[in-house]
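Enquirer: structure of the sequence below:
(one chain, ligands or ions: 1)
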Amino acid sequence: MADKDKNDIKLERMENFLKRVPHKIMVLSGKGGVGKSTVAANLAVFLSNRGYKVGLLDVDVHGPSIGTLMGIVWQKIYPSNDLLKPVLWSKNLKVVSVQFLLENPDDAIIWRGPVKMGIIKQFLSDVDWGELDFLIIDSPPGTGDEPLTIAQTIPDCKALIVTTPQKVSLADVRKSLTFCKEVNIDVLGIIENMSGFVCPNCGAVHDIFKSGGGSELAKQYKIDFLGKIPIDPKIVEESDEGNLLDKYDGKVKEIMNEVVDRILKRLSLNKGGEKVMRIAVPMAEGELCAHFGHCEVFGIVDVEDGKVVKEEYLTPPPHAPGVIPNWLAEQKVNVVLTGGMGPMAQNLMRQNGIEVITGVSGGSLKDVIEAYLNGRLVLGSNVCDHEHGKGHTHRH
Ligand code: ADP
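Expert: Residues are numbered from 1 along each chain as shown. Have a look, this model is predicted:
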């Protein structure tokens, strides 16, 4: 009876904890050595550097490496009152790894399925995580007991899949995707790691092997492609020292920041951390209107979790300098997609915390929003930027 009570308390504590964490991300890979733990650790560090409160949980029972990658392998989690204290990596980042339970970090662990499941659940019920915005879970490669336990215990967690560009890895990714479908968890996206090589001399990224397999696969399965991280010998050197990519300035840090931006966008988190993305598009005659100040109405959509949850059309007040940016801010808009916008209006938008994307060409509200959310918006020049409008074109 007493045991049952204890289990009930644990279960309740776990449920209460999980309910309070808005974003849980399990990092998966088809096979080992593709950089899954490197991505998990860097994602946790980059998010925490942006002010989010992050928990990083390493459930790779047979090959835990988070402690090694972060240079904290000798740390221990110790009991405090009824709970276990996670290792504090920084103000915003708490880390728990199976490695921290071992007498010697190189000890082999032989745990059977039920024991593994027990320990993973204990990490969720008995650790004093405090308040978190993100829980990042590094699971072992493949689709065994650990990811299954996570998927069953945290049904609203999302999977982030790491692969390398080679065919063998991509075949394994398909298995990971099937796994996610079977256990009914949403796939956040795919990251292609070790894709191309950062030249130590010129700093440019060279594709030494074929790259782009991950993006092909993402397209095929209609999943977000979150970016390509090149091979950089610095990653190995720095991780041997327990340093992560935030510590040195270079191409890979820039790329990792872009990956984090895409993840936040996919989760509909803007830079202020609000959950809903509210996008405004100036429109006339049911189409995107090239001149922002001359539109009849604004099509405004709310996006949550990458999906449109509300759509409305609002008429702005009469055009006068500075009026519309303030009005959009009052409507709680945080992104504007437009053909053109003058520099003064752009400044006012920025001051109001609104991101402005110019150079968007026509289409219905649905077309424009879909292209934006799928990362397929083709941008031309800002039609109001008459001096600099030399027609650069790039994909957003
Ligand atoms: P996994 O978790 O998939 O087994 P790890 O994250 O432990 O893989 O990475 C395996 C090794 O590869 C580590 O030594 C790591 O430092 C190195 N590594 C990972 N990504 C890169 C990269 N983009 N460039 C260079 N080395 C990398």
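Enquirer: roughly how far apart are residue 220 and the ligand?
Expert: Residue 220 is 23 Å from the ligand, where distance means C-beta to the nearest ligand atom, to the nearest Å. Backbone N, C-alpha and C define where each C-beta goes, glycine included.
Enquirer: how many residues are close by that residue?
Expert: Using other C-beta atoms under 10 Å, residue 220 has 10 other residues around it.
Enquirer: what's it in contact with, if anything?
Expert: Residues in contact with residue 220 (C-beta atoms under 8 Å, 6 or more residues apart in numbering): none are found.
Enquirer: repeat for residue 135
Expert: The contact partners of residue 135, taken as C-beta under 8 Å, 6+ apart, are 21, 23-25, 54-55, 57, 129, 157.
Enquirer: repeat the analysis, applying 10 Å as the threshold.
Expert: By C-beta atoms under 10 Å, 6 or more residues apart in numbering, residue 135 lies in contact with 17-18, 21-26, 44, 53-57, 94, 124, 129, 154, 157.
Enquirer: take those and keep only those in helices.
Expert: If you go by DSSP state H, these have 17-18, 44, 124 in helices.
Enquirer: scan those residues and report the most crowded one.
Expert: Neighbour max across the ones in helices among the contacts of residue 135 (other C-beta under 10 Å) = residue 44, 30 neighbours.
Enquirer: mind checking pLDDT for that residue?
Expert: pLDDT for residue 44: 97.
Enquirer: with the one 5 residues further on instead?
Expert: At residue 49 the predicted local distance difference test score is 91.
Enquirer: swap in residue 117?
Expert: 86.
Enquirer: do residue 121 as well
Expert: We have a pLDDT of 92 for residue 121.
Enquirer: what's the helix or strand for it?
Expert: Element membership of residue 121, judged by DSSP states H and E, is helix 113-125.
Enquirer: quick check: residues of the stretch 151-300 of the chain near the ligand?
Expert: Selection of the stretch 151-300 of the chain residues close to the ligand by C-beta under 6 Å from any ligand atom yields 193-194, 229, 231-232, 235-236, 239.
Enquirer: actually, the stretch 1-150 of the chain.
Expert: 29, 32-38, 65.
Enquirer: for PyMOL, write the selection for the buried entries among those residues.
Expert: Command for PyMOL, covering only those of these found buried under the criterion 16 or more other C-beta atoms under 10 Å:
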select buried, resi 29+34+35+36+37+38+65
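Enquirer: need the three-state assignment for residue 259.
Expert: helix (DSSP: H, G, I helix; E, B strand; the rest coil).
Enquirer: kindly state the pLDDT recorded for residue 201?
Expert: 77.
Enquirer: highest neighbour count among the residues of the stretch 151-300 of the chain next to the ligand?
Expert: Highest neighbour count within these, by other C-beta under 10 Å: residue 229, with 28 neighbours.
Enquirer: is it true that residue 198 touches residue 245?
Expert: No: at 11.6 Å, residue 198 does not count as touching residue 245 under the criterion of C-beta atoms under 10 Å.
Enquirer: those two - which one has more neighbours?
Expert: More crowded of residue 198 and residue 245, by other C-beta under 10 Å: residue 245, with 25 against 20.
Enquirer: shared neighbours of residue 198 and residue 245, which are they?
Expert: Contacts common to residue 198 and residue 245, judged by C-beta under 10 Å, 6+ apart, are 229, 232, 234-235, 252, 255.
Enquirer: would you turn these into a markdown table with pLDDT?
Expert: Formatted as a markdown table, the shared contacts of residue 198 and residue 245 follow (pLDDT from 0 to 100):
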| residue | pLDDT |
| --- | --- |
| 229 | 92 |
| 232 | 87 |
| 234 | 82 |
| 235 | 84 |
| 252 | 88 |
| 255 | 91 |
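Enquirer: quick check, nearest of these to the ligand?
Expert: The closest of the shared contacts of residue 198 and residue 245 to the ligand turns out to be residue 235 (C-beta to the nearest ligand atom; 3.8 Å).
Enquirer: which ones are touching residue 47?
Expert: 23, 25, 53-54, 56, 92-93, 133-134, 136, 260, 263-264, 269 are the contacts of residue 47 under C-beta under 10 Å, 6+ apart.
Enquirer: any idea how far residue 180 is from the residue nearest the centre of the chain?
Expert: Nearest residue to the geometric centre of the chain (C-alpha atoms, centre = their mean): residue 263, 2.7 Å. From residue 263 across to residue 180, the span is 16 Å (C-beta to C-beta, to the nearest Å).
Enquirer: any weak-confidence spans in the protein?
Expert: In the predicted model of the chain, residues 1-4, 104-111, 208-211, 269-275, 305, 382-396 satisfy pLDDT under 70.
Enquirer: ok, residue 191 - contacts?
Expert: With C-beta under 10 Å, 6+ apart, residue 191 has these contacts: 27, 29, 34-36, 39, 43, 160-163, 214, 218, 224-229, 256, 259, 262-263.
Enquirer: quickly list what it is bridged to.
Expert: residue 162, residue 227 (DSSP bridges).
Enquirer: from residue 359, how far out is it?
Expert: To residue 359, residue 191 is 27 Å away according to C-beta to C-beta.
Enquirer: repeat that for residue 330.
Expert: The gap separating residue 330 from residue 359 is 26 Å, by C-beta to C-beta.
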